[in-house]
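[1] what's the 3D shape of this:
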Amino acid sequence: MGTIRTIWDFFQNEVLGMGWLSRLISNLLNTCGLDTSGKIGGSIQFFLYDVIKIMVLLGVLILLISYIQSYFPPERSKKILGRFHGIGANIIAALLGTVTPFCSCSSIPLFIGFTSAGLPLGVTFSFLISSPMVDLGSLVLLMSIFGWKVAIIYVVLGLVIAVAGGTIIEKLHLENQVEDYIRNGHALDVAQEELHFKERMKFAWEQVLGTAKKVFPYVLIGVGIGAFIHNWIPEDFIVKVLGDNNPFGVVIATIAGVPMYADIFGTIPIAEALLGKGALLGVVLAFMMGVTTLSLPSIIMLRKAVKPKLLGVFITICTVGIIVVGYFFNAIQYLII
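    Here you go, the predicted model:
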């Protein structure tokens with residue numbers, strides 16, 4: 001048992017967490033005369049380490065996930081979802097969302113396609129909630145920073161929100177709240193050619209390059225903010241606003257995430273820095289969920305597909321779910337980290 005624990009700790013700290021990279025960058029900066037224990041040197045060390053780590057993990061994850069995704073093109077996904085009914089369909093839709101390594105703005109066109117194809121509205125919303133919130137990439141990235149317990153619970157609770165949210169929307173019978181051009185649209189059932197290994201790898205590599213170009217600016221911004229928080233914001237201030245002393249920290253973090261537009265790759269360094277400064281775990285995870293699921297640009301895009309009533313229901317379900325999850329993580333933080 002001790003050997004397994006040692007191997008796992010090495011995998012988590014040195015492979016996923018890239019502790020060796022942190023030490024290497026720190027040594028190089030110290031050699032160049034920068035003191036990484038100071039604010040300036042520490043900020044540069046944090047920035048270089050997190051940018052390189054996130055982009056390397058991003059590349060590997062997107063390559064693997066996109067290869068898997070090549071087996072689930074939109075037409076095949078529609079057929080798979082069409083075989084299930086009731087809450088089982090919501091569960092399958094939420095699980096399918098985990099193999100789409102995209103932000104919410106990228107998930108909305110798929111949501112529109114699924115809805116136009118005649119899939120139940122609740123099922124398509126389970127996919128829409130799950131896709132940006134709990135993709136497989138988030139599982140590995142969260143594991144690299146917060147540990148496997150936090151990562152697994154985060155993904156499971158995200159799936160619960162997606163399934164519950166889709167089920168509630170289904171029960172409310174809000175089909176008339178979808179814009180007419182989508183309800184009256186007809187998706188073409190295009191035959192999918194069977195891809196070979198080389199074609200799947202080509203597709204996966206194209207996804208890596210496309211996603212990397214798209215998220216890189218947000219990674220730089222997120223890591224920059226994280227470096228600033230980590231080295232320049234007083235710990236007492238973070239604890240006062242987002243720590244034990246503020247019972248509304250989760251609500252503040254959820255709302256603060258809405259105006260931002262980023263995916264999980266851009267929000268993790270901010271969450272990492274906040275947690276290191278004394279913010280509660282539930283607060284930083286609520287912030288991450290708020291950014292990835294309820295960002296203002298994605299809400300504006302979704303409004304073009306659904307009417308205000310349905311949009312309001314979606315926002316309410318996600319907000320309440322995120323806040324509940326945040327307080328739950330606060331309650332169990334001492335048990336899992």
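
[2] where does the stretch 201-337 of the chain have low pLDDT?
    Low-confidence segments of the stretch 201-337 of the chain, defined by pLDDT under 70: 259-263.

[3] repeat that for 90
    201-204, 206-247, 255-278, 287-305, 336-337 (pLDDT under 90).

[4] Kindly report the same for the stretch 1-150 of the chain.
    Ranges of the stretch 1-150 of the chain meeting pLDDT under 90: 1-19, 33-39, 50, 53-89, 93, 95-120, 128, 131-148.

[5] And the helices in it, which stretches?
    Secondary structure of the stretch 1-150 of the chain (DSSP state H, counting those that start in this stretch): helices located at 2-10, 19-31, 39-69, 74-82, 87-97, 104-116, 121-133, 136-146, 148-171.

[6] can you tell me which of the ones you listed comes nearest to N330?
    Nearest to N330 among these is helix 148-171 (12.4 Å), distances taken as C-beta to C-beta. Glycine gets a C-beta too; all of them are placed from N, C-alpha and C.

[7] Pull out the buried residues from that closest one.
    148, 150-151, 153-155, 157-159, 161-170 (16 or more other C-beta atoms under 10 Å).

[8] returning to that earlier point: can you redo the helices of the stretch 1-150 of the chain as JSON lines with distance to V291?
    Shown next, in JSON lines, are the helices of the stretch 1-150 of the chain (distance: least, C-beta to C-beta, whole Å):
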{"stretch": "helix 2-10", "distance to V291": "30"}
{"stretch": "helix 19-31", "distance to V291": "25"}
{"stretch": "helix 39-69", "distance to V291": "15"}
{"stretch": "helix 74-82", "distance to V291": "26"}
{"stretch": "helix 87-97", "distance to V291": "17"}
{"stretch": "helix 104-116", "distance to V291": "9"}
{"stretch": "helix 121-133", "distance to V291": "9"}
{"stretch": "helix 136-146", "distance to V291": "12"}
{"stretch": "helix 148-171", "distance to V291": "13"}
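
[9] from those, which stretch is densest packed?
    helix 121-133 (a mean of 28; mean count of other C-beta atoms under 10 Å).

[10] Quick one: distance of that helix to the chain centre.
    13 Å (C-alpha atoms, centre = their mean, to the nearest Å).
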